[in-house]
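**Q** pasting the sequence and the predicted model now:
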Amino acid sequence: MSDKKIRCAIYTRKSTEEGLEQEFNSLQAQREACESYIKSQKHEHWQLLSAEYDDGGYSGGNMERPALKRLLTDVQNGLIDIIVVYKIDRLTRSLMDFSKIVEVLDKHNASFVSITQHFNTTTSMGRLTLNMLLSFAQFEREVTGERIRDKISASKKKGMWMGGKPPLGYYRKDKKIFPDAEKSALVRSIFDKYTELKSTTLLKEWLNKQGYAISVGNLTCILRNKAYIGLVGHKGTWYQGEHQGIIPIELFEQVQNVMADNRINRQHYDPKKSLLSGKLYDDKGNAMSPSWSTGCSGKTYRYYVSQAIIRKEPSKLGKIGKVSLPQLENFIDSCFEQFLREKPKIYPYIQHFEVSKQKKLLKLLS
């Protein structure tokens with residue numbers, strides 16, 4: 001037998017949900033057991049490395065663990081011959097991740113040992129048994145996940161608030177949400193003002209003047225959130241909640257009708273059909289894109305707006321950031337119509353046409 005030292009690294013892991021009081025769940029208990037096993041293999045020239053690889057508070061469901069990353073890096077650098085763990089699920093609970101780890105070990109002539117299961121990845125039987133164990137571990141993890149999801153679903157169907165950041169206008173206490181007097185008044189004013197302005201862009205501008213910075217996207221989410229009428233949502237279905245609504249159902253439905261009308265109006269307008277789409281630039285070279293907004297009366301205003309405004313880069317904005325789309329297109333139409341009336345100007349553009357086509361075109365323009 002060779003007298004070459006077998007360099008052993010101990011890896012320990014403890015999930016956040018695992019209590020320190022449970023047997024062999026603490027990092028120290030795992031380490032002590034692994035150290036004893038390595039000492040028992042002294043006749044095989046096993047030697048414990050001083051570097052410690054401990055992941056406290058990390059799940060075994062993925063490989064995003066700092067100590068595990070250091071461990072695999074040291075394997076790749078040829079510093080480790082055997083990884084020693086108390087139990088296989090300390091290293092990983094994912095069959096896919098395990099296969100990745102074994103691939104790294106094989107590539108760098110390293111192996112893996114679980115001291116309570118007596119498996120070594122250098123043998124084919126050890127690989128087979130480990131894969132079977134990991135399959136059951138992953139199955140158990142997936143079943144646990146399904147139970148948690150079922151519990152959340154059942155709780156939401158009962159109207160319970162299942163965590164997460166409360167909507168604007170509410171505060172959380174004792175795992176429930178309650179209306180906040182000041183912020184709920186702001187939410188009501190948002191709904192009321194939207195029915196008047198009928199535009200989230202104008203609503204945002206109005207709120208800015210009141211000292212509130214809320215984006216158009218967030219305003220849209222607020223206006224569509226059925227939690228404000230006392231409901232709890234789960235996967236597209238809404239249930240009567242335990243919490244108190246802060247918006248009357250009539251007002252909420254009125255807002256939804258206005259938003260639906262705005263969506264229909266936008267569907268009827270296709271910016272790609274704009275005459276100058278992709279051809280118009282401001283005096284600083286910024287492309288100008290077709291856009292529109294809805295006024296208080298419900299009328300749609302169409303215009304070209306500089307990309308400097310869209311990207312919120314005022315330093316790059318030219319002298320003209322926005323122009324009326326109908327007025328500009330009417331001006332272009334008028335100029336083009338005048339140009340077509342002057343036949344000598346047209347000849348250079350149609351001289352490569354066949355004579356018959358030239359005559360036909362000129363006749364149409366006369």
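**A** Received it, and whenever you're ready, just let me know what you need.
**Q** beyond whichever strand or helix holds Ile346, next helix or strand please.
**A** With secondary structure defined by DSSP states H and E, Ile346 is part of helix 343-350. Downstream of helix 343-350, the next assigned helix or strand under DSSP H and E is helix 355-365.
**Q** can you state the direction angle for that following helix and helix 343-350?
**A** Angle of helix 355-365 versus helix 343-350, following axes from the mean of the first three to the mean of the last three C-alpha atoms, to 10 degrees, is 140 degrees.
**Q** packing partners of the longest strand anywhere in the chain?
**A** Ranked by residue count, the top strand of the chain under DSSP state E comes out as strand 6-14. Judged by 3 or more C-beta pairs under 8 Å, 6 or more residues apart in numbering; DSSP states H and E, the packing partners of strand 6-14 are helix 27-40, strand 46-48, strand 53-56, helix 66-76, strand 82-85, helix 88-91. The way it works is simple: take the backbone N, C-alpha and C, and place the C-beta from them, glycine included.
**Q** indicate which one of those is closest to Gln327.
**A** Among the helices and strands packed on strand 6-14, the nearest to Gln327 by C-beta to C-beta is helix 66-76 (60.9 Å).
**Q** what is the mean pLDDT for that closest one?
**A** Averaging pLDDT along helix 66-76 gives 95.
**Q** now the angle between strand 6-14 and it, please.
**A** For helix 66-76 against strand 6-14, the angle by the same axes, to 10 degrees is 160 degrees.
**Q** got the angle for helix 66-76 vs helix 27-40?
**A** Here helix 66-76 runs at an angle of 20 degrees relative to helix 27-40 (the same axes, to 10 degrees).
**Q** so where do the helices sit in this structure?
**A** 27-40, 66-76, 88-91, 95-107, 124-157, 181-197, 200-209, 216-224, 249-268, 307-310, 325-341, 343-350, 355-365 (DSSP state H).
**Q** include mean neighbour count and distance to Asp3 when you put these into CSV, please.
**A** Compiled in CSV, those are given as follows (neighbours: other C-beta atoms under 10 Å; distance: least, C-beta to C-beta, whole Å):
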stretch, mean neighbour count, distance to Asp3
helix 27-40, 17, 17
helix 66-76, 17, 23
helix 88-91, 23, 29
helix 95-107, 16, 23
helix 124-157, 13, 25
helix 181-197, 16, 73
helix 200-209, 16, 76
helix 216-224, 15, 68
helix 249-268, 13, 78
helix 307-310, 17, 72
helix 325-341, 12, 85
helix 343-350, 10, 92
helix 355-365, 11, 95
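**Q** and the ones you listed as a markdown table, adding distance to Gly57?
**A** Listed next are the helices of the chain as a markdown table, based on distance: least, C-beta to C-beta, whole Å:
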| stretch | distance to Gly57 |
| --- | --- |
| helix 27-40 | 10 |
| helix 66-76 | 11 |
| helix 88-91 | 13 |
| helix 95-107 | 18 |
| helix 124-157 | 17 |
| helix 181-197 | 34 |
| helix 200-209 | 41 |
| helix 216-224 | 33 |
| helix 249-268 | 42 |
| helix 307-310 | 43 |
| helix 325-341 | 57 |
| helix 343-350 | 73 |
| helix 355-365 | 78 |
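**Q** nearest to Ser59, out of those helices?
**A** Short answer: helix 124-157, nearest of those by C-beta to C-beta, at 9.2 Å.
**Q** report all helices and strands that that closest one contacts.
**A** Packing partners of helix 124-157 (3+ C-beta pairs under 8 Å, 6+ apart): helix 88-91, helix 95-107, strand 119-120, strand 231-234.
**Q** tell me the mean pLDDT over the shortest one?
**A** When pLDDT is averaged along strand 119-120, the result is 66.
**Q** could you point out which of the helices and strands packed on helix 124-157 sits nearest Gly245?
**A** That would be strand 231-234 among the helices and strands packed on helix 124-157, by C-beta to C-beta, at 7.8 Å.
**Q** residues contacting the closest residue to His234 other than its chain neighbours?
**A** Spatial nearest neighbour of His234, excluding adjacent residues (C-beta to C-beta, 6 or more residues apart in numbering): Lys156 at 4.0 Å. Each residue near Lys156 by C-beta atoms under 8 Å, 6 or more residues apart in numbering is listed here: Met162, Val232, Gly233, His234, Tyr239.
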